[in-house]
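*Asks:* no sequence for this one, just the structure:
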């Protein structure tokens, strides 16, 4: 790519356009040059058009008062700072929830044996029922499914809800807050 | 005091400390008023030309000054602050374009009338300027406006646009040629 050729007299033209004196205060030599120089012709027409558009538009520009912009900026800075301050607290809440869940699990150690055994049994039964349905097209209501198994599944779902879904929901709500 | 109250109080205290320790704003209110009064109209006009939408210019103006006030870089002179301000405005207008993937300035008919009317242009000769500007690319439009409406040098434009000074010369010359052709006043240089 070749370096663009910029006419050395462009500055003279631009200076006069900037003060609104083109072509009134241009000497005959500069006018004759601009008439012959394509680059200066472009410059004069473009600069004059833009300056006219700027000056005519400037009178009608309505911007909010500085106090309002300042107040909004202050308010937003405060909101962002509050959000940042809340972040460690949220992490602490999540950590506390995790610790509580572990403590509960340890405390109910005896109960866990029953729970794990039950879940294993429920799983085996479920697999067995589905296998029979597939192979022999038997009714699922064949006595293999007991009230105990249902209880175990409900407990498992509740445990999953507490351990997984609740923190995820909390996290998503925090993310939504952050986007507002 | 309930656990909820204690938690809320802890949050308020933490927020108050965070606000105090937060990045200080670029200037105090009095200095901001002066700076805003000197620059806001130019920034609005620039954003309006870039976006072609007066409402977008309103929104971006607030955002531009907020980001300016929160800037972590040291802006020592008024000149430096102005360049930084226009750079933020340029980036915000570009972000808006990327987000919406539209070219709102490339409009016709009634929308052009709206732009011209908001810019205070007559519906005969000067309206042509809005139409011609609208046909330029965003970067070309920004360069033309900075160079001829603000009188920015190539170095200043380079700083605002985030490009090399050498590139500004080439790009501005091309944009100028294109704009002059659109205005129907091209000098004829190739």
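*Replies:* Noted; the coordinates are in hand. Remember, predicted model here, so these are calculated numbers, not experimental data. Numbers count the residues shown, from 1 in each chain, chains lettered A, B, ... in the order given.
*Asks:* all contacts plus neighbour counts: C-alpha atoms, from now on.
*Replies:* OK.
*Asks:* What segments of the chain are helices?
*Replies:* Using chain A. Remark: helices assigned in chain A by DSSP state H are A:10-18, A:28-36, A:38-58, A:66-107, A:109-136, A:147-160, A:166-179.
*Asks:* look at chain B instead
*Replies:* B:3-21, B:29-51, B:54-69, B:78-100, B:110-118, B:127-134, B:138-144, B:154-161, B:165-183.
*Asks:* closest one to residue A:65 among these?
*Replies:* With CA to CA as the criterion, residue A:65 lies closest to helix B:29-51 of the helices of chain B, at 8.6 Å.
*Asks:* Show me which helix or strand of chain B is least confident by mean pLDDT.
*Replies:* helix B:110-118 (a mean of 50; mean pLDDT, DSSP states H and E).
*Asks:* Same check on chain A?
*Replies:* helix A:166-179 (a mean of 67).
*Asks:* how much space between the residue lying farthest from the centre of chain A and chain B?
*Replies:* Within chain A, residue A:28 marks the point farthest from the mean C-alpha position, 60.3 Å out by CA atoms, centre = their mean. Using CA to the nearest CA, to the nearest Å, one gets 19 Å for the distance from residue A:28 to chain B.
*Asks:* Can you give me the distance of that residue to residue B:46?
*Replies:* Distance of residue A:28 to residue B:46, given as CA to CA, to the nearest Å: 35 Å.
*Asks:* dump the residue contacts of residue B:168.
*Replies:* Residue B:168 is in contact with B:154, B:157, B:158, counting by CA atoms under 8 Å, 6 or more residues apart in numbering or on different chains.
*Asks:* Make TSV from those residues and add neighbour count to it.
*Replies:* TSV is the format used below for the contacts of residue B:168 (neighbours: other CA atoms under 10 Å in any protein chain shown):
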residue	neighbour count
B:154	19
B:157	26
B:158	20
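*Asks:* Out of these, which is nearest to residue B:28?
*Replies:* residue B:157 (27.7 Å).
*Asks:* Now do the same for that closest one: its pLDDT.
*Replies:* At residue B:157, the pLDDT value in this model is 94.
*Asks:* Same check on the one 5 residues further on?
*Replies:* pLDDT, residue B:162: 90.
*Asks:* Next, the contact list for it, please.
*Replies:* Contacts of residue B:162 by CA under 8 Å, 6+ apart are residue B:87.
*Asks:* What's the separation between it and residue A:8?
*Replies:* Residue B:162 is 26 Å from residue A:8, by CA to CA.
*Asks:* So what does the closest residue to residue B:40 other than its chain neighbours look like in phi/psi?
*Replies:* Ranked by CA to CA, 6 or more residues apart in numbering or on different chains and with sequence neighbours excluded, the top spatial neighbour of residue B:40 is residue A:63, at 6.9 Å. Main-chain torsions, residue A:63, degrees, to the nearest 10: phi -110, psi 150.
*Asks:* Now do the same contact list for residue B:153.
*Replies:* So residue B:153 contacts residue B:147 (CA under 8 Å, 6+ apart).
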